[in-house]
Structures are given as C-alpha cells and as structure tokens.
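>>> Okay, here's the prediction I keep looking at, along with the sequence it came from:
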Amino acid sequence: MGGGGIPFFLPLGKNHPLSLMKPFLLSTVLLALFLHSCQKPSPSTNQTTALEKRLPYSIAIHGGAGTLSKTTMTPEKEAAYLNALDSALIIGETILKAGGSSLDAVEKTISYLEDCPLFNAGRGAVFTHEGKNELDASIMDGATQKAGAVGSVMTIKHPIQLARAVMEKSAHVFLTGRGAEQFAAENGIESVDPKWFYTQERWNTLQEMLAEEKAKGKTGDLDPLQNRDYKFGTVGCVALDNNGNLAAGTSTGGMTNKRWNRLGDTPVIGAGTYASNDACAVSCTGHGEFFIRYAVAHDVWARMIYKGESVSESAEFIVNKKLVEKGGEGGLIAMDKNGNIAMPFNSEGMYRGYAKPGEKKIMIYKE
Ligand code: ASP
C-alpha cells in the first residue's frame, strides 16, 4: 500500500536540481526523503479510530435505507424498529461470542429480520405490481469466496437460508424462480404458503402506488425518486468471527410495484453483497439498479485493495460521492478484516446497528 515514496527509478533531466548535486549530497537528500516517506502513514492507517488489531468478533446490521423522516415516525414505531434491530444483534453477537462462525451469525441474524414484518425481507416483503411477493437474497463467505444467491422466490420462508444452501450444496452461485424453489424442496429448506408474506401496510403501499400511477396514466414507474415517501427496507448483515473470517448477507422483497421478475442488487454478488477475508465484507441497500451498475459492494473491496483505502474511506467515497453524483440513493454496511465498521448512507436515514466487545449502537438517522 502506497506510503508516498519518491520514484527513485525516474531518470532526472540534466537541469533537474537533484542531478546538479554532488553524489554524496544527493544520496543524503534521497535517504532523508526516503526516511520521511516511510514515516508518512499510508491511507489505510491514517484513521485515528481504526483498529490495527483484529477484534475477537464484530457484527453490523442494516434494515434498509430511504425516506425515514422523523416527522412521519411515531415514538412507538421507532421503538419497535430499535427493539427489532437490538434483538437481531443479540442473535448474531451470541453466536460470535460463543466462537461460532461469521456465516452462521449472518444467516441467523438475517433469518430473524426476515421473520419481522417491519422489514422488507421475508415476512414483511413489499408487493409486486401484480400483488405478489418475490424475494431475493445472497450470502458470501470471505474465507473461501464462495457465494450463494436466489432471486424471485415466492414460497421460501427464509431466502437467506436458501442462498446459503445454494452456496454449500450446489455447484452454482445463483438460482432463480421455480428452479430455486425446486432446489429448496430437494434440500429440506422450509417453504410456506405465499400468504405468509402478506402484511396490510405493504399492501396499502402498493395500492397507493397503483392509484398514483393510474392518476398519472403511467404504469411500472419504479423510480423511488418519483415517489415522495419511498422507503427501502432490505436487511443485511456483515460479521467477523474469532477465526478472522468475514461474511456478508443481504435479503429483500425488492421494490414495491416491481414487474417482469425485476431483480435488484440484493441477490447480485458484487453489487449488493461481497466478502473477502483480505479486505472487507459488504451489504448494501438502496435503489438497486444503481448498485448493480456500479458494482458497489465489490467496489468497496476494490478501492481498499487497489488504492489502499481504509474501509471508511472507500465506503464513504462510493456512497456519498460516487452514488450521489450518479443519483443512486441508499447506503451500505462494511466491515474490514480487523472488525472496523463503516455505515454510510445518502438517504434521510438507514436502520442500522453494530456490536463489538464492550460496544453496541443502534441508529436510524444521521448522527
Ligand atoms: N436494493 C433493493 C433492491 O433494489 C431495495 C432495498 O435495498 O430496499 O431490490
């Protein structure tokens, strides 16, 4: 990783000040410059808060980003979200504290959030244009770089469990629709009647959107920026375990009113989810089309590896500069191999929280 050293190998022009120096003086100057460059911290060590030593464990979660305006949030609703995030963190932290794997922590934490109707994943999934629920999820193991993903499944209670089964029990990475459900049945993954995913609130949101479309004389408008109160609500988790293994997972119902088996970034490895022990684990939430186009989760990893950026520098640049410039609303959670966490978002809020030994925090708005 670059420490800002001078390029000794460059031929100096005849009139360059250094070429006019006596050889002894020149070598002294070069030695002094070299020592100075060694003292200069590399970008990845430039952060006072970042830990140089690996934590025994670390876990972070998100419950989606979007329009989470304080004015429309009631104290009861806020308390319900904070409680759900807290319970999810307890599940993951308990596994990690007992020496369990980051993959188990990610899968079980997300499974809990999939059962909670507050979030747009599993039970609380949003409705498609036709009034159905189509679920997407993915998981990645930072140690082996193996990954599993499912898209547009309609009867799987915990899509994250199916994604893990794809990773561990098939030769593939990405299964969709009926085929994925067939694979689930063959591998003992729990299925439910699609009614399980019905929630009144999400149904009402679809009806409002359909009415708005009708008024505008337009169908299939998925642009959340056109929908004042658009809320995301995907769930995700990144974790580091006691063996130094990172894992990441994400699960969603996608976007309300989606059509044509639309898939967002959530089940796309490298867009919504990515993990590699050499740098970081990442889970994204937001306007999926943008996260796919800019391979956001993989880009967090790439900037760390190729540019030597810290996890915060990389994640911050992508979410609050690149995505903002491109018009992509959302956020992400990212964790480096020492357990340092970044949770940037460019929307009004993002349900999120983390737990490390002796430290726990749950947040919704910007702090
Ligand atoms: N990224 C998800 C999608 O586009 C939505 C979300 O994060 O809320 O399907």
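Arrived safely, thanks for sending.
>>> Now do the strands for the stretch 201-350 of the chain: every range, in order, please.
Counting by DSSP state E, counting those that start in this stretch, the stretch 201-350 of the chain forms strands over residues 235-240, 246-252, 273-276, 280-286, 330-336, 341-342, 349-356, given from the N-terminal end onward.
>>> Apologies, that question was intended for the stretch 1-150 of the chain.
58-66, 135-141, 147-153.
>>> what would these look like in JSON lines with mean pLDDT, distance to the ligand and mean neighbour count?
Heads up, the C-betas are built off the backbone N, CA and C, glycines and all. Compiled in JSON lines, those are given as follows (pLDDT from 0 to 100; distance: least, Cβ to the nearest ligand atom, whole Å; neighbours: other Cβ atoms under 10 Å):
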{"stretch": "strand 58-66", "mean pLDDT": "95", "distance to the ligand": "5", "mean neighbour count": "28"}
{"stretch": "strand 135-141", "mean pLDDT": "99", "distance to the ligand": "6", "mean neighbour count": "31"}
{"stretch": "strand 147-153", "mean pLDDT": "99", "distance to the ligand": "10", "mean neighbour count": "26"}
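>>> Any chance of these in TSV with distance to residue 167 as columns?
Formatted as TSV, the strands of the stretch 1-150 of the chain follow (distance: least, Cβ to Cβ, whole Å):
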stretch	distance to residue 167
strand 58-66	20
strand 135-141	6
strand 147-153	3
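>>> picking up where we left off before, out of the strands of the stretch 201-350 of the chain, the one nearest residue 114 is which?
Each of the strands of the stretch 201-350 of the chain has some distance to residue 114 by Cβ to Cβ; the shortest is strand 246-252, at 5.7 Å.
>>> Strand partners (parallel or antiparallel) of that closest one?
Paired with strand 246-252 in the same sheet, following DSSP bridges, are strand 135-141 (antiparallel), strand 235-240 (antiparallel).
>>> quick check, that strand touching the ligand?
Yes - using Cβ under 6 Å from any ligand atom, strand 246-252 reaches the ligand at residue 252.
>>> Quickly note the distance from the residue sitting nearest the centre point of the chain to residue 160.
Central residue check for the chain by Cα atoms, centre = their mean: the C-alpha nearest the mean position is that of residue 283, 1.5 Å away. Distance of residue 283 to residue 160, computed by Cβ to Cβ, to the nearest Å: 11 Å.
>>> Dihedrals phi and psi, the closest residue to residue 290 other than its chain neighbours?
Nearest residue to residue 290 in three dimensions, chain neighbours excluded: residue 328, at 2.8 Å (Cβ to Cβ, 6 or more residues apart in numbering). Residue 328 has phi and psi values of phi -90, psi 110 when expressed as degrees, to the nearest 10.
>>> can you pull the contacts of residue 328?
When the contact criterion is Cβ atoms under 8 Å, 6 or more residues apart in numbering, the partners of residue 328 are 286-287, 289-291, 293-294, 346.
>>> And residue 296, by the same measure?
Each residue near residue 296 by Cβ under 8 Å, 6+ apart is listed here: 265, 271-272, 282, 284, 290, 318, 323, 332.
>>> before we move on, back to that, can you tell me which of the strands paired with strand 246-252 comes nearest to residue 67?
Distances from residue 67 to each of those were compared by Cβ to Cβ, and the smallest falls on strand 235-240, at 17.3 Å.
>>> which parts of that closest one are buried?
Of the residues in strand 235-240, those scored as buried under the neighbour-count criterion (16 or more other Cβ atoms under 10 Å) are 235-240.
>>> Check stretch 320-335 too.
The neighbour-count check on stretch 320-335 (16+ other Cβ under 10 Å) flags 322-323, 328-335 as buried.
>>> Farthest pair within those?
Comparing every pair within these by Cβ to Cβ identifies 329 and 335 as the most remote, at 22.4 Å.
>>> what's the closest non-adjacent residue to residue 340?
Once its chain neighbours are removed from consideration, residue 340 has its nearest residue in residue 50; the separation is 4.9 Å (Cβ to Cβ, 6+ apart).
>>> what's around the one you found, how many residues?
17 (other Cβ atoms under 10 Å).
>>> and the direction of the longest helix along the chain versus that of strand 235-240, what angle?
Counting residues, the longest helix found in the chain (DSSP state H) is helix 75-97. Between the axes of helix 75-97 and strand 235-240, defined by axes from the mean of the first three to the mean of the last three Cα atoms, to 10 degrees, the angle is 30 degrees.
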